[in-house]
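[1] sequence unavailable; structure follows:
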């Protein structure tokens, strides 16, 4: 057998036993099996935790590179071991050289290649490619920017990199969490009130928060057919009365005393006595504008109300006059749209809700979920907090399969002379304000950006559906490039090349306004030619190797057994 | 018998009292040939109706025999009651998804679900699917099974509401039957439907007739029987050499039928016949049969051809019976695959390599079983190991060529040669494993029966690449319950291989030491 022949060569290149072992197949086979197992583990991780995690934890980890390095070493040494050249081994030389060339090509791609994405919207031009690496960006108020590359790791990594700012101020990068999970913690803060509610039915869920009298919905303000209002307690009382009785359309409400006046008829001016002073309410129709205003004439001045818009009178500058003694409410405003009224009762130190439909309205301070009469909605209080605020902390989280559900977070430590150390969390979901002495910095974690030598703008996005279905058959982008006159047509299997970059139609999405955004993947691969050459050599080598092995090609005088 | 005329009279009389209410068209023999536009393609209605009825309904649903086209037509026209009354049909939907059974509140063994229960359970199913989508599990075995079940219910609703059957109207637009039948009399409607094939453009007309022909021909069912016969002939020829002519005859006719089937599919779809699992099995099956013939001739051993026939038979069984795993219908392509050049080079090469490895796998197991039973000698194992090695070597060349072609295609259409995508990675794993086995044999680590055993296990990696990436990996490790066929299929094969492995190892350990 030919293998016997080969195993006892006349002259061994390597006398060193370690080198001899590394150049032998006995080293190569375990490495191959380990390589296969590592890859299998990678695919399992990917199916469980998503592509991003698998790339970080396995395919681009040091130990995976080490395995590939061992393979390269084994191939190179086995190649060297079989020198000088023997014609019989032509196939062997070609195959193993090809593998080394392909590995070299991948190294070139890895070191100097670029693989990113560019998103083109309908309105804005773009010249930045987003790469798959994390950076910390810190801006000051003048727009001066500092950026630091963050480790490409899968697990929490300590960094301890120090950024120096003027006046001996420093920001230290402490810990980077590539897959972070937010954790809610409470911190004491005097005089703050804060509450969060949840509205849910079978197909819809929405949370909204209240902060000291302001409504802060987490996502959308208007919930379609429903409106949420946080109002002062006095106004809340007024609405309770107006809605529970509903005998009248209008209600005039004196804030200070809490006295309510039902306005039944406005054919004549409606007169109100309060604190010994007399007020008169008139209806005033402006036919030109098609507006109806209500004027309340007091002893010293007149207030103008537009109850369709606000319960408060409106001043000359079209702003609500919150100090006015009277509020004027219109039942029609509530009838127009389902409204949920919230107030915070100072006496009971809790929130009150007014909800209902038609003529039946209920007030509740219940901690239990409230079943609303609209579309099977349930309202429940998530929490109500006084004298404390939420502070988000981050801890290592489980990577999610959907990349958008993942977030990264970075712990920063801010240090300045004469002040205590302070920690901040910076993350990918928004901008964090960092106070450093008298300067305010803004910081966030984002992708590394690569600037293109030209600008691109989406002119048109076209999508053809498979006839009779909602599945896309093709999607294509027409892109204007500022260095070219004609727009470029990029579609599946038809990339665009410019300045060493290649642009491929990758995907698209539809934004809230219904316009399409095209996502192109952008690529620069200086190792391409090397890899292709290696690939060609590999296939040729394999074919020659087997042809020689089976005796279809005769090599010299050595006849090879089957 | 005497008053048969009277009977006919009575029949006519009844018909005149109970008019057909627009359903006469459903019984017309011409209906089968008419086109329907569905899932983005134009198909003969008979093909589609057959597909739909096997997809939706259990086998024995109607007491009387009735044509699927007629069932589809009557359902689309809203005549469910007619089917129930005249044909004794009791409508229920197929159910083959473990998870869905639980969500619908049905017992574990339930194979069908009544319409009422199915409709009632839809929100539950949707909620479960939304949850899967939220965590990115929608492409798992369980997710796909769930979608298939939701799809069944929706399909039924679509058909019954008259929005599934799209008819080519006179102004060359495809409209749902619900809109078309509204302002037409019965005869006009009938004429419109039965004349729709003539209104198609010539190219579509040709495709329509091809597809009808393909369905009637049933090439792969016939291929299965021919293959079975060929296998028997090959076996018999080992004892009675005269049967080899029968074997060659079977091989010739099998190839003719297969080539006819593949060519028809190419004409119908207008692309290389390697775009879904069914077609890859079809294509690699043909490759492995040819390889077995080449090896059989080269090694001058008809047993190899018999093994080839047997492997091919397994493939054809899969195509015929594993319908949940391999979808035989011709579907439009996803955007990224729309490149005939790369499709016909990369995918054909890769699937041919799978065929080579499949042949080596069956051959290896044949040797292993015979060896473990004691029906072998060193020369026999030696010879077969040579065959297995040759199959693996050819497979490895094809596989690496396929991987590289795939890389070039990926580079050309996605912008990267290699991206550690699961399919890419698993093909490389399989290649690396086979290369390690070949090197191990070279260095003398895996010799004789150990090499046979290793090569048999090597095919498990090909199975993982071929089916596992699509059916198992997408699911992630936390989705339990072998719901759709894929996971169960792979697990069975792996178990089989493990048992064989354990058996062989046990025999080997207990072998009397024979210097």
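    Nice, I can see it. Owing to the predicted nature of the structure, the values given are computational and were not obtained by experimental measurement. Numbers count the residues shown, from 1 in each chain, chains lettered A, B, ... in the order given.
[2] poorly predicted segments of the chain, please.
    I went with chain A, as the question did not name one. A:1-13, A:212-225, A:246-247, A:366, A:467-470, A:555-562 (pLDDT under 70).
[3] the intended chain is chain B.
    B:1-23, B:141, B:335-336, B:474-485, B:512-515.
[4] need the longest helix for it.
    helix B:378-413 (DSSP state H).
[5] that one: how far from the chain's middle?
    Mean C-alpha position of helix B:378-413 versus that of the full chain (Cα atoms, centre = their mean, to the nearest Å) differs by 24 Å.
[6] that one near chain A anywhere?
    Yes - part of helix B:378-413 sits near chain A under the criterion Cβ under 8 Å from any Cβ of the partner chain, namely B:386, B:390, B:393-394, B:396-397, B:400-401, B:404, B:407-408, B:411-413. C-betas here are computed from N, CA, C, even on glycine.
[7] now, which of these sits nearest residue A:72?
    Taking Cβ to Cβ as the measure, residue A:72 lies nearest residue B:400 of the residues of helix B:378-413 next to chain A, at 17.6 Å.
[8] how many neighbours does the closest residue to that closest one other than its chain neighbours have?
    Excluding its sequence neighbours, the residue lying closest to residue B:400 (Cβ to Cβ, 6 or more residues apart in numbering or on different chains) is residue B:431, at 5.9 Å. Neighbour count of residue B:431, defined by other Cβ atoms under 10 Å in any protein chain shown: 22.
[9] what's the distance between residue B:431 and residue A:92?
    For residue B:431, the distance to residue A:92 equals 17 Å [Cβ to Cβ, to the nearest Å].
[10] and residue B:284, what is it in contact with?
    Each residue near residue B:284 by Cβ atoms under 8 Å, 6 or more residues apart in numbering or on different chains is listed here: B:315, B:351, B:352, B:354, B:355, B:358.
[11] tell me the phi and psi of it?
    phi -70, psi -30 (degrees, to the nearest 10).
[12] now it: closest residue in space that isn't a chain neighbour?
    Leaving aside its chain neighbours, residue B:284 sits nearest to residue B:355 (3.6 Å; criterion: Cβ to Cβ, 6+ apart).
[13] give me the secondary structure label for that neighbour.
    Following DSSP: H, G, I helix; E, B strand; the rest coil, we place residue B:355 in the helix state.
[14] swap in residue A:420?
    Under three-state DSSP, residue A:420 comes out as coil.
[15] cool, the one 10 residues further on as well?
    Assigned state for residue A:430: coil (three-state reduction, three-state DSSP).
[16] what about the helix or strand hosting residue B:252 and chain A, any contact?
    Secondary structure from DSSP states H and E places residue B:252 in helix B:243-269. No - Helix B:243-269 stays clear of chain A (Cβ under 8 Å from any Cβ), getting no nearer than 12.9 Å.
[17] remind me what that helix packs against, helices and strands.
    Applying 3 or more Cβ pairs under 8 Å, 6 or more residues apart in numbering or on different chains; DSSP states H and E, one finds that helix B:243-269 makes contact with helix B:202-217, helix B:219-239, helix B:277-298, helix B:302-321.
[18] just how off-centre is stretch A:395-402 within its chain?
    With Cα atoms, centre = their mean, you get 13 Å for stretch A:395-402.
[19] again with stretch B:67-83
    Computed by Cα atoms, centre = their mean, the chain-centroid distance of stretch B:67-83 equals 27 Å.
[20] quick check: end-to-end length of it?
    For stretch B:67-83, the first-to-last residue distance is 11 Å (Cα to Cα, to the nearest Å).
[21] what does it contact?
    Residues contacting stretch B:67-83 (Cβ under 8 Å, 6+ apart): B:21-23, B:25-27, B:31-32, B:45-46, B:48-50, B:52-53, B:62, B:66, B:89, B:91, B:159-160, B:162, B:164-165, B:177, B:181.
[22] and if we set it to 6 Å?
    Stretch B:67-83 is contacted by residues B:23, B:26, B:31-32, B:45-46, B:49-50, B:53, B:89, B:159-160, B:162, B:165, B:177 when judged by Cβ atoms under 6 Å, 6 or more residues apart in numbering or on different chains.
[23] please apply the same query to stretch B:361-374.
    Contacts for stretch B:361-374 (Cβ under 6 Å, 6+ apart): B:307, B:311, B:376, B:384, B:387-388, B:449, B:452, B:455-456, B:459, B:500, B:503-504, B:507.
[24] buried subset of those?
    Buried members of these, scored by 16 or more other Cβ atoms under 10 Å in any protein chain shown, are B:307, B:311, B:376, B:384, B:387-388, B:449, B:452, B:455-456, B:459, B:500, B:504.
[25] for the residues you listed, which one is nearest residue A:387?
    Nearest to residue A:387 among the buried ones among the contacts of stretch B:361-374: residue B:459, at 68.2 Å, using Cβ to Cβ.
[26] okay, now the domains of the chain?
    The chain I'm using is chain A. A:2-113+A:527-549, A:115-129+A:450-524, A:131-186+A:390-448, A:201-377 (automatic domain parsing).
[27] my question was about chain B, not that one.
    B:29-203, B:211-509.
[28] span of the shortest one from start to end?
    Which is domain B:29-203. Span of domain B:29-203 from end to end, Cα to Cα: 23 Å.
[29] give me the distance from it to the chain's centre.
    With Cα atoms, centre = their mean, you get 20 Å for domain B:29-203.
[30] that older thread, and the contacts of residue B:284 as JSON lines, adding neighbour count?
    Putting these into JSON lines (neighbours: other Cβ atoms under 10 Å in any protein chain shown) gives the following:
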{"residue": "B:315", "neighbour count": "23"}
{"residue": "B:351", "neighbour count": "23"}
{"residue": "B:352", "neighbour count": "24"}
{"residue": "B:354", "neighbour count": "27"}
{"residue": "B:355", "neighbour count": "30"}
{"residue": "B:358", "neighbour count": "27"}
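[31] among those, which two are most distant?
    Most distant of these, by Cβ to Cβ, are B:315 and B:352, 13.0 Å apart.
[32] any idea which of the residues of helix B:378-413 next to chain A is closest to residue A:135?
    Nearest to residue A:135 among the residues of helix B:378-413 next to chain A, with distances taken as Cβ to Cβ, is residue B:411, at 27.2 Å.
[33] since we're on the closest one, how many residues are nearby?
    By other Cβ under 10 Å, 21 other residues sit near residue B:411.
[34] repeat that for residue A:341.
    So residue A:341, with other Cβ under 10 Å, has 22 neighbours.
[35] quick check, it in contact with residue A:354.
    Yes - contact criterion Cβ atoms under 6 Å: residue A:341 and residue A:354 qualify, at 4.0 Å.
[36] one step back: I'd like the buried ones among the contacts of stretch B:361-374 laid out as CSV, including distance to residue A:300.
    Formatted as CSV, the buried ones among the contacts of stretch B:361-374 follow (distance: Cβ to Cβ, whole Å):
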residue, distance to residue A:300
B:307, 108
B:311, 102
B:376, 116
B:384, 112
B:387, 110
B:388, 106
B:449, 110
B:452, 107
B:455, 102
B:456, 101
B:459, 97
B:500, 102
B:504, 106
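[37] of those residues, which is the nearest to residue B:287?
    For the buried ones among the contacts of stretch B:361-374, the nearest to residue B:287 is residue B:311 (10.7 Å; Cβ to Cβ).
[38] let me see the ranges of the helices in the stretch 1-150 of chain B.
    Secondary structure of the stretch 1-150 of chain B by DSSP state H, counting those that start in this stretch: the helices cover B:4-17, B:45-56, B:68-76, B:80-87, B:98-103, B:115-134, B:141-160.
[39] which one of the ones you listed lies closest to residue A:105?
    Among those, helix B:141-160 comes nearest to residue A:105, with 36.9 Å by Cβ to Cβ.
[40] now the angle between helix B:80-87 and the closest one, please.
    Going by axes from the mean of the first three to the mean of the last three Cα atoms, to 10 degrees, helix B:141-160 is angled at 90 degrees with respect to helix B:80-87.
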